[in-house]
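1. compute the structure for the input listed below.
(2 chains)
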There are 2 protein chains.
Amino acid sequence: MSSGTIHELTALLSRLPGIGKRTAARLVFHLLDADTDYVRHLGATVAALPDKIFRCAICGNLDESNPCHLCADPSRDATLICVVERIPDLWAVETGGTFRGRYHVLHGLLSPLDGVGPDDLNLALLHQNVTAQQVREVIVATRPSVEGEATALLIQQTLADTGVAVSRIAAGVPHGSEIEYTDARTLERALADRKAM
Amino acid sequence: MSSGTIHELTALLSRLPGIGKRTAARLVFHLLDADTDYVRHLGATVAALPDKIFRCAICGNLDESNPCHLCADPSRDATLICVVERIPDLWAVETGGTFRGRYHVLHGLLSPLDGVGPDDLNLALLHQNVTAQQVREVIVATRPSVEGEATALLIQQTLADTGVAVSRIAAGVPHGSEIEYTDARTLERALADRKAM
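-> The predicted structure follows:
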């Protein structure tokens, strides 16, 4: 149907999440027609990614420096740690702009059926950081699901001997959503976790 | 929110069609976590695109060679030319696999309001190819729209002195679609262009 390079790039792009064969072909066509400086810059930036990004030895974040810019920022509260499953979750919390503590990235959730056990979640490092930094509170921001709750419980147990306060983000009806269209499980949680006004 | 490279790549990716800021961030995260050989290969392939792809001097196709592999293929019928607006249209016809002639890519449609006039559509080259290759038929496969029809008429006029047969792809109800949900203009065309059974 098309030349080697075009075919190859279409195949490479269609391995990305949410990008099927048709979308990949459309992207390739766009790149064929796009400003050449932009195309070269995009390609070089992608190719350089593996050499530029490191996993932070303190929190597990992926960044250009190790420790990452969040762990290296002295203005952030090192005694407050927010535990997240994945990097995009960290980005989502950061976008809010109200959390000024540090993070711990699990890179997964406890899921024995998928072969993810307690040893795969980097909890020894979390325990070590909590002790070394005299952390006062660990906020577990894993998703409200079976795996997320199991992971939260595991974190609580793992940190029990440190005496640190372990808290869990609230589960409930999302801001701005319609009660009518909220699923039964979410409404059940929202009712059970109701707060006095 | 994130490091320089991550931020830069997110910005570069969100300039692609159909990719917003959130999708770009998701792609970047995927690349951070992906096999490094794949990421380097993808980046290098994108970066090399402008140096590897040329516009075919015969038909206007974009390919790794000039003339393109379609024009260079001796098994294709050089006396039959299919005129398309854009490269993806050529790919779509090729995917069908039944057309074994050659192509002419206009890289646009006649659209005076958008500043695209007859001189912008590479018709002199088409005229020259039709004469030189003793072409017997030119099939105009531009879309059934005001611009597509105007372009088809212009091509017919441009080639009038060559004596070549100029045809137009059929407009009508798409294969497999429901008559009930077909728009009025398409049904009108399908009725007007009805064929004896």
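2. burial check on the nearest residue to A:Ile53 once chain neighbours are set aside, number of neighbours?
-> Counting by C-beta to C-beta, 6 or more residues apart in numbering or on different chains, A:Ile53 lies nearest to A:Leu62, which is 5.2 Å off, once chain neighbours are set aside. C-beta here means a position set from N, CA and C on the backbone, and glycine is covered the same way. Using other C-beta atoms under 10 Å in any protein chain shown, A:Leu62 is surrounded by 22 other residues.
3. give me the beta-bridge partners of A:Leu62?
-> A:Arg55 (DSSP bridges).
4. hang on, it packs against A:Leu49?
-> No. With contact defined as C-beta atoms under 8 Å, A:Leu62 does not count as touching A:Leu49 (9.9 Å).
5. quick check: neighbours shared by those two?
-> B:Leu32 (C-beta atoms under 8 Å, 6 or more residues apart in numbering or on different chains).
6. tell me how far the residue nearest to A:Ile53 lies from B:Ile169.
-> 50 Å (C-beta to C-beta, to the nearest Å).
7. how distant is the top strand by length along chain A from the center of its chain?
-> When chain A is parsed with DSSP state E, its longest strand is strand A:77-84. Strand A:77-84 has its C-alpha centroid displaced from the chain centroid by 14 Å (C-alpha atoms, centre = their mean, to the nearest Å).
8. other SSEs contacting it?
-> helix A:87-96, strand A:101-105, helix A:123-132, strand A:137-140 (3 or more C-beta pairs under 8 Å, 6 or more residues apart in numbering or on different chains; DSSP states H and E).
9. try 10 Å
-> Using 3 or more C-beta pairs under 10 Å, 6 or more residues apart in numbering or on different chains; DSSP states H and E as the contact test, the elements touching strand A:77-84 are helix A:87-96, strand A:101-105, helix A:123-132, strand A:137-140, helix A:146-158, strand A:165-168.
10. quick one: it to helix A:123-132, angle?
-> With axes from the mean of the first three to the mean of the last three C-alpha atoms, to 10 degrees applied, the angle from strand A:77-84 to helix A:123-132 works out at 160 degrees.
11. strand A:77-84 pairs with which strands?
-> Assessed with DSSP bridges, strand A:77-84 is paired to strand A:101-105 (parallel), strand A:137-140 (parallel).
12. out of those, deepest packed?
-> Neighbour counts (mean count of other C-beta atoms under 10 Å in any protein chain shown) averaged over each of those peak at strand A:101-105, with a mean of 23.
13. quick check, central residue of chain A?
-> Centre of chain A computed as the mean C-alpha position; nearest residue by C-alpha atoms, centre = their mean is A:Arg86, 2.3 Å away.
14. relative to A:Leu106, how far out is that one?
-> Applying C-beta to C-beta to A:Arg86 and A:Leu106 gives a distance of 8 Å.
15. who touches both of these two?
-> A:Thr142 (C-beta atoms under 10 Å, 6 or more residues apart in numbering or on different chains).
16. on that earlier part again, can you redo the strands paired with strand A:77-84 as CSV with distance to A:Thr10?
-> Shown next, in CSV, are the strands paired with strand A:77-84 (distance: least, C-beta to C-beta, whole Å):
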stretch, distance to A:Thr10
strand A:101-105, 33
strand A:137-140, 42
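17. adding mean pLDDT and distance to B:Ala11, write these out as TSV.
-> Formatted as TSV, the strands paired with strand A:77-84 follow (pLDDT from 0 to 100; distance: least, C-beta to C-beta, whole Å):
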stretch	mean pLDDT	distance to B:Ala11
strand A:101-105	95	23
strand A:137-140	93	30
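18. follow-up on the earlier one: could you check the angle the longest strand of chain A makes with helix A:146-158?
-> 140 degrees.
19. CA atoms only: put strand A:77-84 into CSV for me.
-> Taking Å, rounded to 0.1, in the frame of the first residue of the first chain, the C-alpha atoms of strand A:77-84 are listed here in CSV:
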residue,chain,number,x,y,z
ASP,A,77,6.7,19.4,53.1
ALA,A,78,8.9,16.3,53.5
THR,A,79,6.8,15.1,56.5
LEU,A,80,3.7,14.5,54.3
ILE,A,81,3.7,11.8,51.7
CYS,A,82,1.0,11.1,49.1
VAL,A,83,1.1,7.5,47.8
VAL,A,84,-0.1,7.1,44.2
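20. quick check, the longest helix along chain A touching chain B?
-> As assigned by DSSP state H, the longest helix anywhere in chain A is helix A:36-52. Yes. Judged by C-beta under 10 Å from any C-beta of the partner chain, helix A:36-52 comes into contact with chain B through A:36-52.
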